[in-house]
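In: This is the structure alone, sequence omitted:
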């Protein structure tokens, strides 16, 4: 009896690979290198696969799905984002998709706070001076390296945190930043469900004056620090554009731990150069990972950039990998994917 062919486009770690290898009736075809699988290798090995393991580095396109064949039943991605998957290609063929949300919520929320602090406290420019050996040439200054304080500060000021998108990660980030003394939370999401009771309960729990949904214009104008945590795609492409950035406070900080294309890169460069906002903290950038050394955001002193590592704790990545593996096993062996992306 022939074994079920499974295409594994990346080794996702010993523990998770052991789960896959334990399926004795599976023939695992595994990309042998520690880098995203080459398109040529994927296309050469995909035909006949019943299941597929992918990461953000592999594109699941209409062409690939058609090439793989009608026996393909489940694609399991080690990611919460699904921008790399052409969803209609799966939906039209009734192919199911497993993904890995929830387990990375805390790590991304932690990183969001870190980036807010890095941007507000001028970490990029001050580290540049330190690493260049020129700090000692400046002498001491009463406002040297200073930036706006996140939260209430010694003067107990009113402070508003904003969220573009208000799902699991945004709410986990709110819990963390509430400890800094923010007094108000505003958010925008595309849904129109009445959340007023839930928002009031959350405000009471965190000691905030209010938590409420607002439109994009008010979100831009009122946020002292703004976190963008919406999915990618055509509906959110450049939702933070020049018009949006011009409405923000000159002391405000923008943090993007969502998806790069949410923010218009050229508009952000202009906003930083001309002082429309104080600073930006970015885990994601348009065009990543192909960011050249002369990329303008890399040379903005008030822009703190990290290379899409918000979920990069050992514990989180191991949990994501295990969920990716068990989603595939569950989908093919039991007909039930632990965490399934709704393609309807």
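Out: Arrived safely. Keep in mind that what you see is a predicted model, and the values were worked out from it rather than measured.
In: When you work out contacts or count neighbours from here on, use the C-alpha atoms and nothing else.
Out: Will do.
In: Is the most centrally placed residue in the chain in a helix, a strand, or coil?
Out: For the chain, the residue nearest the mean C-alpha position is residue 258 (3.5 Å; Cα atoms, centre = their mean). Here residue 258 is recorded as coil under DSSP: H, G, I helix; E, B strand; the rest coil.
In: Quick check: chain neighbours aside, which residue is closest to it?
Out: If the residues on either side of it in the chain are set aside, residue 258 comes closest to residue 229, at 4.3 Å by Cα to Cα, 6 or more residues apart in numbering.
In: Residue 336 and residue 98 touch, don't they?
Out: No - the pair residue 336 / residue 98 is not scored as a contact, 10.0 Å apart, by Cα atoms under 8 Å.
In: list residues touching both of these two?
Out: residue 327 (Cα atoms under 8 Å, 6 or more residues apart in numbering).
In: Have a look at the two and say which one is more surrounded.
Out: residue 98 (29 against 16; other Cα atoms under 10 Å).
In: Quick check: the more buried one vs residue 337, distance?
Out: Distance, residue 98 to residue 337, using Cα to Cα, to the nearest Å: 6 Å.
In: joint contacts of the two?
Out: 327-328.
In: hang on, the earlier thing: how near is the residue nearest to the centre of the chain to residue 323?
Out: From residue 258 over to residue 323 (counting by Cα to Cα), the distance is 21 Å.
In: ok, the closest residue to residue 91 other than its chain neighbours to residue 94 distance?
Out: Nearest non-adjacent residue to residue 91, counting by Cα to Cα, 6+ apart: residue 343, 5.8 Å away. Look at residue 343 and residue 94: by Cα to Cα, they are 9 Å apart.
In: Would you mark the buried spots in stretch 270-278?
Out: 270-272, 275-278 (16 or more other Cα atoms under 10 Å).
In: Could you do stretch 63-77 as well?
Out: In stretch 63-77, counting by 16+ other Cα under 10 Å, buried: 64-65, 67-68, 72-77.
In: chain center to it: distance?
Out: 26 Å (Cα atoms, centre = their mean, to the nearest Å).
In: Can you give me the end-to-end span of that stretch?
Out: 18 Å.
In: do the same with stretch 222-242
Out: 17 Å.
In: In the stretch 201-344 of the chain, what residue spans correspond to strands?
Out: All strands of the stretch 201-344 of the chain, identified by DSSP state E, counting those that start in this stretch, fall at 210-213, 225-228, 253-256, 279-282, 303-305.
In: The first one packs against which elements?
Out: What it means is strand 210-213. Here strand 210-213 touches strand 184-188, helix 196-206, going by 3 or more Cα pairs under 8 Å, 6 or more residues apart in numbering; DSSP states H and E.
In: ok, 10 Å please
Out: Judged by 3 or more Cα pairs under 10 Å, 6 or more residues apart in numbering; DSSP states H and E, strand 210-213 is in contact with strand 160-164, strand 184-188, helix 196-206.
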